[in-house]
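Engineer: Provide a 3D model corresponding to the input given below.
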Amino acid sequence: MASAVEIRRRTAQPIAHIAQRARATSDPVLALAIFLPLLILYVATANVTAATQSPDPGSAALAGWQWVNHHNFYLDSQFLRGDLWLFLAKGHIVTNRTPGVVVFGIPFYELLGRGPVFSMFPAAVAGSTSAAGAVALLVLALRRLLGSRIALAAGLILALGTSTWSISADSLWTHGPNELLLAAAMYAFSRNRQLAAALFLGLACTVRPHLAFVPLVAGVWYAVRRRSVVPLAVFGVPAVVGVGVIALWNHWLLGSWSIEAGRSYASAGLSSVATGPGYNFGTNILGTFFSPDRGLVIWCPLFVLLLAGVRRGWRDAPDWARICSIGGIGYLLLQLKVNYFSGGTNFWSYRFAIEPLLLATPLLAYAARDVFRRRPLVRRFVIAAAAYCVGTQAVGALFFGSQAHVLIDPWTHFGLASELVHDGLGPRIVMGLTAATVIAALLWRPRTSDQEEAESLASPAAASAK
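Structural biologist: Okay, here's the model as predicted:
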């Protein structure tokens with residue numbers, strides 16, 4: 001009978017082979033190898049039904065289609081649904097979506113959406129493309145820091161175990177373009193190209209102005225480190241321009257210099273459209289992490305477990321990884337200051353934490369390395385939590401359908417339980433397999449010492465020679 005070391009060695013060989021091939025692959029080839037399979041999966045599981053879209057992607061997609069087919073953003077004759085983010089401004093019905101997300105969708109409607117009938121399919125391809133591209137770029141950035149194995153594992157969990165799959169890739173939400181631009185900035189950071197990173201961050205501000213907090217942190221951080229005001233200009237100017245583009249867009253389209261989305265509705269018959277319940281900053285923070293339907297701890301417990309390695313990860317991580325994690329926290333706090341934490345209707349799990357999770361991924365990857373090296377008990381829980389994250393997101397991506405277009409109570413509703421009860425056999429099979437994987441991970445107890453296991457995983461050939 002094979003020893004535990006031998007079993008672990010044989011198990012590690014395929015993983016090591018993939019990592020070795022990744023190390024020997026150029027950035028463009030590896031990016032394509034990650035991007036294409038994810039794109040296919042994302043498009044296959046995206047929501048292309050206009051009637052079941054959340055108002056956010058539906059409104060952005062409709063504006064892109066309108067421009068491609070009519071060369072304006074006036075939706076006077078295209079008011080398809082009463083809950084879309086449309087309102088009357090300067091004599092026309094227009095959307096209040098930010099210019100970054102609207103313009104991002106236009107090329108996809110140019111290629112796939114010309115014609116008199118509006119379709120959400122180009123918007124689904126746009127979201128899928130942005131999410132798949134973000135994962136590919138993040139893997140390339142992490143490979144330069146931590147090697148191919150950790151980079152691929154982190155990319156896989158981000159791609160399948162977070163709302164990147166169920167939301168960013170599902171349609172033309174702001175989160176997909178955000179993730180793509182933020183990942184491009186992190187890739188530029190990893191190559192020590194800070195001007196390029198600053199430009200990508202500035203573009204991200206045209207999608208969601210709260211992201212200006214990230215270049216603000218970067219500019220201050222590098223200015224202090226280098227005792228120079230130059231970084232303040234390098235990161236500050238693109239961010240100011242990005243936010244300014246939103247102000248110009250709103251003035252042109254909505255008649256206001258505000259960078260906030262408009263709050264009035266176009267149809268006179270929609271005065272009773274539901275809005276978010278009363279909230280305060282403290283409640284928003286608690287809900288973001290602990291509410292059953294939107295809580296990050298509920299849907300992604302993996303990040304909580306990785307906090308065990310964050311202290312050492314912070315010490316080992318480069319400056320830009322720390323900057324991104326701080327920037328993500330600041331962005332989230334700004335969001336929770338101005339928005340109700342639930343984030344709206346008709347989407348799966350959490351939404352506002354998508355960008356902060358992406359920005360924290362490099363630091364969490366360093367934390368994961370520490371956990372796997374030094375904390376065998378926590379390591380088993382990390383593997384189990386990763387399986388749980390993938391399973392719950394798979395249920396959402398594969399089976400989640402339309403809710404009524406009203407805000408649910410995120411403290412009493414739990415989407416996963418609802419799917420298991422009401423949506424038949426598919427979600428139950430997925431969660432059954434997930435539960436079996438979680439239990440196996442928790443019960444798995446290798447007989448090798450931590451040192452032997454690390455050696456066998458790091459070098460199957462060396463373990464075999466022993």
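
Engineer: can you give me the strands in the protein?
Structural biologist: Using DSSP state E, the strands of the chain run over 86-89, 92-95.

Engineer: Partner strands of the first one, with direction?
Structural biologist: Listed by DSSP bridges, the sheet partners of strand 86-89 and their directions read strand 92-95 (antiparallel).

Engineer: how far does the partner strand sit from the chain's center?
Structural biologist: How far strand 92-95 lies from its chain's middle: 29 Å, per Cα atoms, centre = their mean, to the nearest Å.

Engineer: Grab the CA positions of it and hand them over as PDB.
Structural biologist: Provided in PDB are the C-alpha atoms of strand 92-95 (Å, rounded to 0.1, in the frame of the first residue of the first chain):
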ATOM      1  CA  HIS A  92     -35.800  63.500 -22.900                       C
ATOM      2  CA  ILE A  93     -35.900  60.200 -21.000                       C
ATOM      3  CA  VAL A  94     -32.300  59.200 -20.300                       C
ATOM      4  CA  THR A  95     -30.500  56.700 -18.100                       C
END
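
Engineer: Redo the strands of the chain as CSV? Include mean neighbour count, mean pLDDT and distance to Ser171.
Structural biologist: Any C-beta I mention is one placed from the backbone N, CA and C, and that applies to glycine too. What follows is those, written out as CSV (neighbours: other Cβ atoms under 10 Å; pLDDT from 0 to 100; distance: least, Cβ to Cβ, whole Å):
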stretch, mean neighbour count, mean pLDDT, distance to Ser171
strand 86-89, 21, 83, 17
strand 92-95, 22, 89, 15
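
Engineer: Among those, which comes closest to Phe281?
Structural biologist: strand 86-89 (27.0 Å; Cβ to Cβ).

Engineer: re earlier: save the strands of the chain as TSV, and put in distance to Glu179 too.
Structural biologist: Output for these, formatted as TSV (distance: least, Cβ to Cβ, whole Å):
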stretch	distance to Glu179
strand 86-89	26
strand 92-95	21
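
Engineer: so what's Ser228 up against?
Structural biologist: Each residue near Ser228 by Cβ atoms under 8 Å, 6 or more residues apart in numbering is listed here: Tyr222.

Engineer: can you tell me how far it sits from Phe189?
Structural biologist: Counting by Cβ to Cβ, to the nearest Å, the gap from Ser228 to Phe189 is 18 Å.

Engineer: try Ala154
Structural biologist: Distance, Ala154 to Phe189, using Cβ to Cβ: 16 Å.

Engineer: Kindly report the same for Met120.
Structural biologist: Taking Cβ to Cβ, one finds Met120 at 34 Å from Phe189.

Engineer: Looking at Ser3 now. What's its pLDDT?
Structural biologist: Ser3 carries a pLDDT value of 49.

Engineer: cool, Ala16 as well?
Structural biologist: Reported pLDDT for Ala16: 53.

Engineer: give me the number of residues near His422?
Structural biologist: Neighbour count for His422, taken as other Cβ atoms under 10 Å: 9.

Engineer: just Ser168 next, same as before
Structural biologist: By other Cβ under 10 Å, neighbour count at Ser168 equals 31.

Engineer: That one: what's it in contact with?
Structural biologist: Ser168 touches Gly127, Ser130, Ala131, Ala134, His175, Gly176, Glu179, Ile354, counting by Cβ under 8 Å, 6+ apart.

Engineer: got the contact list for the third one?
Structural biologist: With contact set as Cβ under 8 Å, 6+ apart, Ala131 has these partners: Leu38, Tyr42, Ala159, Thr164, Trp165, Ser168, Ala169, Gly176, Glu179, Leu180.

Engineer: What is the most widely separated pair among those residues?
Structural biologist: Distance extremes for the contacts of Ala131: the farthest pair is Trp165 and Leu180 at 14.6 Å, using Cβ to Cβ.

Engineer: State the pLDDT value of Gly424.
Structural biologist: 79.

Engineer: distance of it from Leu398?
Structural biologist: Distance from Gly424 to Leu398, by Cβ to Cβ: 12 Å.

Engineer: For these two, indicate the residue with more neighbours.
Structural biologist: Neighbour count, other Cβ under 10 Å: between Gly424 and Leu398, Leu398 has more, with 16 against 11.

Engineer: check contacts around the residue nearest to the more buried one when sequence neighbours are not counted.
Structural biologist: Spatial nearest neighbour of Leu398, chain neighbours left out: Thr45 (5.9 Å); criterion: Cβ to Cβ, 6 or more residues apart in numbering. Counting by Cβ under 8 Å, 6+ apart, Thr45 touches Trp165, Ala169, Asp170, Ala397, Leu398.

Engineer: Arg226 and Pro410, how far apart?
Structural biologist: Applying Cβ to Cβ, the value for Arg226 to Pro410 is 44 Å.

Engineer: which of those two has more neighbours?
Structural biologist: The neighbour comparison of Arg226 against Pro410 (other Cβ under 10 Å) goes to Pro410, with 21 against 10.

Engineer: give me phi/psi at that one?
Structural biologist: The phi/psi pair for Pro410 (degrees, to the nearest 10) reads phi -70, psi -10.

Engineer: For stretch 312-320, measure first residue to last.
Structural biologist: 16 Å (Cα to Cα, to the nearest Å).

Engineer: who touches that stretch?
Structural biologist: With Cβ under 8 Å, 6+ apart, stretch 312-320 has contacts from 145, 186, 189-190, 197, 218, 221-222, 225, 322, 362-370.

Engineer: Try it again at 7 Å.
Structural biologist: With contact meaning Cβ atoms under 7 Å, 6 or more residues apart in numbering, stretch 312-320 is reached by Leu145, Phe189, Trp221, Arg322, Pro362, Leu363, Tyr366, Ala367, Asp370.

Engineer: Give the buried residues for it.
Structural biologist: Arg312, Gly313, Ala317, Trp320 (16 or more other Cβ atoms under 10 Å).

Engineer: how about the helices of the stretch 1-150 of the chain, start to end?
Structural biologist: In the stretch 1-150 of the chain, the segments counted as helices under DSSP state H, counting those that start in this stretch are 4-23, 27-45, 55-70, 99-112, 121-146, 148-161.

Engineer: Of all these, which one is nearest Asn284?
Structural biologist: helix 55-70 (18.2 Å).

Engineer: Now do the closest one: which elements does it pack against?
Structural biologist: strand 92-95, helix 99-112 (3 or more Cβ pairs under 7 Å, 6 or more residues apart in numbering; DSSP states H and E).

Engineer: what's the closest of the strands of the chain to Gly64?
Structural biologist: Using Cβ to Cβ, the nearest of the strands of the chain to Gly64 is strand 92-95, at 9.6 Å.
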